[in-house]
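Undergrad: Pasting the sequence and the predicted model now:
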Amino acid sequence: MQHPTLQMNGKKNIFLIGFMGAGKSTIARCLHSHHGMEWLEMDKEIEKSEGMPISEIFRRKGEEYFRELETGLLLSLESRSNTVVSCGGGVPLRSCNVEAMKRSGIVVFLTARPETILERVKDSHDRPLLEGHKDVEYIAGLLSKRLERYQAAADVQIATDGRRTAEIAEEICALL
Ligand code: S3P
């Protein structure tokens with residue numbers, strides 16, 4: 001199958017940002033399999049390099065250690081091209097991460113309502129920040145604390161609630 005080529009005004013990569021459960025991995029997989037992009041999942045890369053799940057990194061080494069790993073990984077991606085990067089939900093909270101993303105790509109903020117997020121994350125146990133807090137109020141609270149950072153980092157914002165993955169991927173292609 002032929003893949004449409006993305007027009008990215010000289011920028012090489014797409015960074016998908018947004019809250020946990022916003023659909024970053026799902027959309028990244030679609031851009032990879034239907035639009036010919038390389039796909040990099042930050043959480044998976046970090047798990048591979050540390051040899052343990054994210055929840056264990058948080059438990060044994062702490063959140064700050066994990067945040068340093070995220071920044072190191074992002075900086076190492078600058079030589080890549082034609083790659084869609086599914087970022088961990090906390091990546092845009094550090095200005096240096098946002099600067100690194102903007103140097104090598106376009107930043108797409110995927111949004112979802114707290115109710116949608118809860119529905120998507122309620123059965124998984126690999127997000128330490130949500131363990132014991134699987135409720136709309138907590139998700140809405142953390143989301144509102146982060147919203148400004150997400151919006152400031154974003155070149156484009158796309159709502160995902162109730163929409164098909166392929167349609168969102170097409171929209172991203174059309175915008176770039
Ligand atoms: C986090 C999001 C997670 C993961 C870690 C912290 C966050 O990634 O990086 O649990 O701070 O929002 P996903 O957004 O892919 O779930």
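TA: Done, it's in.
Undergrad: From now on I want contacts and neighbour counts done on CA atoms only, so please keep to that.
TA: Will do.
Undergrad: Tell me where this structure has helices.
TA: Listed in chain order, the helices of the chain (DSSP state H) span 24-35, 42-50, 54-61, 63-76, 95-104, 114-121, 136-153, 165-175.
Undergrad: Contacts for the third one next, please.
TA: Applying CA atoms under 8 Å, 6 or more residues apart in numbering, the set of residues contacting helix 54-61 from outside is 43, 46-47, 50, 63, 65-66, 126-128.
Undergrad: Try it again at 7 Å.
TA: Here helix 54-61 makes contact (CA atoms under 7 Å, 6 or more residues apart in numbering) with 47, 66, 126-128.
Undergrad: picking up where we left off before, would you mind finding the most buried of the helices of the chain?
TA: Among the helices of the chain, helix 24-35 has the highest mean neighbour count (mean count of other CA atoms under 10 Å), at a mean of 21.
Undergrad: residues touching the spatially most central residue of the chain, list them.
TA: A centroid search over the chain (CA atoms, centre = their mean) returns Cys87, at 3.1 Å, as the residue closest to the centre. Counting by CA under 7 Å, 6+ apart, Cys87 touches 15-17, 41-42.
Undergrad: on contacts alone, who are the packing partners of the least confident helix or strand in the chain by mean pLDDT?
TA: Between all helices and strands in the chain, the lowest mean by mean pLDDT, DSSP states H and E belongs to helix 165-175, at a mean of 90. Judged by 3 or more CA pairs under 7 Å, 6 or more residues apart in numbering; DSSP states H and E, helix 165-175 is in contact with helix 24-35.
Undergrad: Which secondary structure elements does the helix it packs on sit against?
TA: The contact analysis (3+ CA pairs under 7 Å, 6+ apart) places helix 24-35 against strand 38-41, strand 83-86, helix 165-175.
Undergrad: The ligand contacts on the chain?
TA: Residues of the chain lying near the ligand by CA under 6 Å from any ligand atom: 19-20, 43, 88-90, 127-128.
Undergrad: quick one, the biggest strand by length in the chain and helix 114-121 angle?
TA: Longest among the strand segments of the chain by residue count, using DSSP state E, is strand 105-111. Per axes from the mean of the first three to the mean of the last three CA atoms, to 10 degrees, the angle that strand 105-111 makes with helix 114-121 is 100 degrees.
Undergrad: List the buried residues of strand 105-111.
TA: Residues 105-111 are the ones in strand 105-111 that count as buried (16 or more other CA atoms under 10 Å).
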